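1. Sequence first, then the predicted structure:
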Amino acid sequence: MAHPDNLFLDGVTLCAGHKTILDHVTLTVPITGMTLLAGRNGSGKSTFLKACLGLVRLQNGVLLVKGQPPETACKQIGYMPQGLNDAALMIPAISHVMAAMNGAQWGVSLPSRNRRENAERLLALTGALSFARRPLGLLSGGERQRVCLAQALTDNPKTLLLDEPLAALDHEAQHQIVSLLDTLTRELGISILMTSHETEALDGKVSRILKLENGSLHV
Amino acid sequence: MFEFEFMQHAFLGCTIVSVLAGTVGWFLILRRQAFAAHALSHIGFSGAAGAVWLGVSPLYGMIAFSLLAGLAMGSEAKGVVLSPHRDSMIGLVLAASLGLGTWFLHEANGASSMATTLLFGDVLGIDMPTLLALTGVAVLCLSGLVFLGRPLLFASLMPDVAQARGVPVRLTSLGFMAIAALACSACAEVSGALLAFSLMVGPAATALRLGLGPIAGLVSAVALALFLSWGGLALSWMTDIPVPFWIGLGAAACYGMACLVRR
């Protein structure tokens, strides 16, 4: 059912080039809490996340994220793509977070203390406040992941789609981020759909695992 | 120096162009489009040569050609700032335009002095109609930047995330390239097609090298562009060496100093 807490697929076919990621998949699954999207390398996990955001078109079928089509749902989704952001490395980290605040609205945003404080709050939440003023290019992989997570949290998203958020992190940092994600789901009610190969760090924290393999998606 | 009308016009022209070059240049460098800034001003040269052939003002030819080329370059963005095909597209548009420019000059039976003026600029020859045209271009470009502001910055910093949040990245890219094309034409009026990009790239690259955020970076880029163009004019007056020489040298020196500061 297209319930406001569900991920709903009806006869969905999704391709990346000539490769079929989903082949006429019909599935309804709640995505409250933390949902892990698992699958082998190249199985199409990133493409599926992009389809949930409306960045990749379906070949066939209907996909609803929390009861809304991807093009509408994306406005309430925080997204963290796979791989480190290597654009604009010379700009301070906090500017990356501030730029994402109401970033889709036309016009300019005038400097305001509220915006800055809000960005600092998000950076503090992800443990990135201490290096917020350093250019992104001078940060380590793990530090950049924290900045990207703060960026995904701008504009109070109801859902987070995180593509390999634990990559490039050491074990301690992985546990810190997982603990943070757990807090976000429990205290703020944010739903998280994420891909990760670091399943050990997620032990006991994941509400369900969605498995993507051979053109099918199942719990 | 200010008692002469041509110097007053030159300083006013430099002021307008510097404000434009600082702001547009900052976004160009942020988006790693220095090559586009370089190419657009050269493409403007071809348009200007075509305008000379047709007997209209070179500035209008420059604007028309740069605008078309800017839109062609922006169309290759495909929503991603660092598209692997982008530089190839810019290079090919540049090559075709330069070929056309050479033919236009040939057809116009253009004297080499005309080509020299188009290539190196004639800031001391700015008249009132040109000044008004530059003001119009600047107002149009800056209004466009204010309108695009937030989505342009968001898409320049994080294209994937911006697209996911509903920013029309391709439309934003096209709009920005149109603005950049107009700005390059205006800069070429002051420092010539060959050195227009020094005013676009030098101050902006320096501000970014210093690791400044968007607002501080934009303000610094405009201030540096003003410093370079005004300084270039004053030094040219004193030494009789062309303005573009001082602007080009100054831009490189500013960037060099920024590198030393941030080492």
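-> The structure has been received and is ready for your questions.
2. Phi first, then psi, for A:G17.
-> As for A:G17, its main-chain torsions (degrees, to the nearest 10) stand at phi 70, psi -120.
3. And it, what's its pLDDT?
-> We have a pLDDT of 86 for A:G17.
4. and it, how many residues sit next to it?
-> Using other C-beta atoms under 10 Å in any protein chain shown, A:G17 has 6 neighbouring residues. Glycine gets a C-beta too; all of them are placed from N, C-alpha and C.
5. For B:L228, identify the helix or strand it belongs to.
-> Per DSSP states H and E: B:L228 is located in helix B:214-239.
6. In that helix, which residues are buried?
-> With burial defined by 16 or more other C-beta atoms under 10 Å in any protein chain shown, the residues of helix B:214-239 counted as buried are B:214, B:217-218, B:220-222, B:224-226, B:228-229, B:232-233, B:235-236.
7. Tell me if I am right that A:P4 is in a strand.
-> No: read with DSSP: H, G, I helix; E, B strand; the rest coil, A:P4 is coil and lies in no strand.
8. Tell me the confidence at the closest residue to it other than its chain neighbours?
-> With sequence-adjacent residues excluded and distances taken as C-beta to C-beta, 6 or more residues apart in numbering or on different chains, A:P4 is closest to A:G67, at 4.5 Å. Per-residue pLDDT puts A:G67 at 89.
9. any chance you could map the helices in the chain?
-> No chain specified, so I'll use chain A. Assigned by DSSP state H, chain A shows helices spanning A:45-52, A:70-73, A:93-100, A:113-125, A:141-152, A:171-187.
10. To clarify, I was referring to chain B.
-> Secondary structure of chain B by DSSP H: the helices cover B:5-30, B:34-54, B:58-75, B:86-107, B:112-120, B:128-157, B:159-164, B:169-209, B:214-239, B:243-261.
11. Could you pull up the mean pLDDT of the last one?
-> Looking back up the chat, that one is helix B:243-261. 89.
12. and that helix, what does it pack onto?
-> With contacts defined as 3 or more C-beta pairs under 8 Å, 6 or more residues apart in numbering or on different chains; DSSP states H and E, the packing partners of helix B:243-261 are helix B:169-209, helix B:214-239.
13. nearest to chain A, of those helices?
-> The closest of the helices and strands packed on helix B:243-261 to chain A is helix B:169-209. By C-beta to the nearest C-beta, the value is 4.7 Å.
14. how about the helices of chain A, which one is nearest B:P58?
-> helix A:93-100 (38.0 Å; C-beta to C-beta).
15. what are the phi and psi angles of the residue nearest to A:P4?
-> phi 80, psi 0.
16. That one touches A:N6, doesn't it?
-> Yes: contact criterion C-beta atoms under 8 Å: A:G67 and A:N6 qualify, at 7.2 Å.
17. If you average pLDDT over each of the helices of chain B, which is lowest?
-> helix B:112-120 (a mean of 65).
18. got the contact list for stretch B:205-217?
-> Residues outside stretch B:205-217 that contact it (C-beta atoms under 8 Å, 6 or more residues apart in numbering or on different chains) are A:90-92, A:94-95, A:99, A:111, A:134-135, B:26, B:29-30, B:34, B:153, B:204, B:218, B:220-221, B:224, B:251, B:254-255, B:257-259, B:261-262.
19. just stretch A:118-126 next, same as before
-> By C-beta under 8 Å, 6+ apart, stretch A:118-126 touches A:93-94, A:97-98, A:101, A:129, A:132, A:146-147, A:149-151, A:153-154, A:177, A:180.
20. run the last query once more with 10 Å
-> Residues from elsewhere that reach stretch A:118-126 (C-beta atoms under 10 Å, 6 or more residues apart in numbering or on different chains): A:93-101, A:112, A:128-133, A:143, A:145-156, A:176-177, A:180-181, A:183-184, A:188.
21. The most centrally placed residue in chain B - nearest residue in space that isn't next to it in sequence?
-> Nearest to the mean C-alpha position of chain B, counting by C-alpha atoms, centre = their mean, stands B:C184 at 2.8 Å. Of all residues not flanking B:C184 in the chain, B:L40 sits nearest, at 3.9 Å (C-beta to C-beta, 6+ apart).
22. check contacts around that neighbour.
-> Neighbour list for B:L40: B:28, B:33, B:62, B:65-67, B:69-70, B:73, B:90, B:93-94, B:97, B:177, B:180-185, B:187-188, B:193, B:196-197, B:200 [criterion: C-beta under 10 Å, 6+ apart].
23. Touching, A:L63 and A:N6? I think so.
-> No: A:L63 is beyond contact range of A:N6, at 11.2 Å (criterion: C-beta atoms under 10 Å).
24. Tell me which of these two has more neighbours.
-> The neighbour count for A:L63 versus A:N6, taken as other C-beta under 10 Å, is higher for A:L63 (21 against 18).
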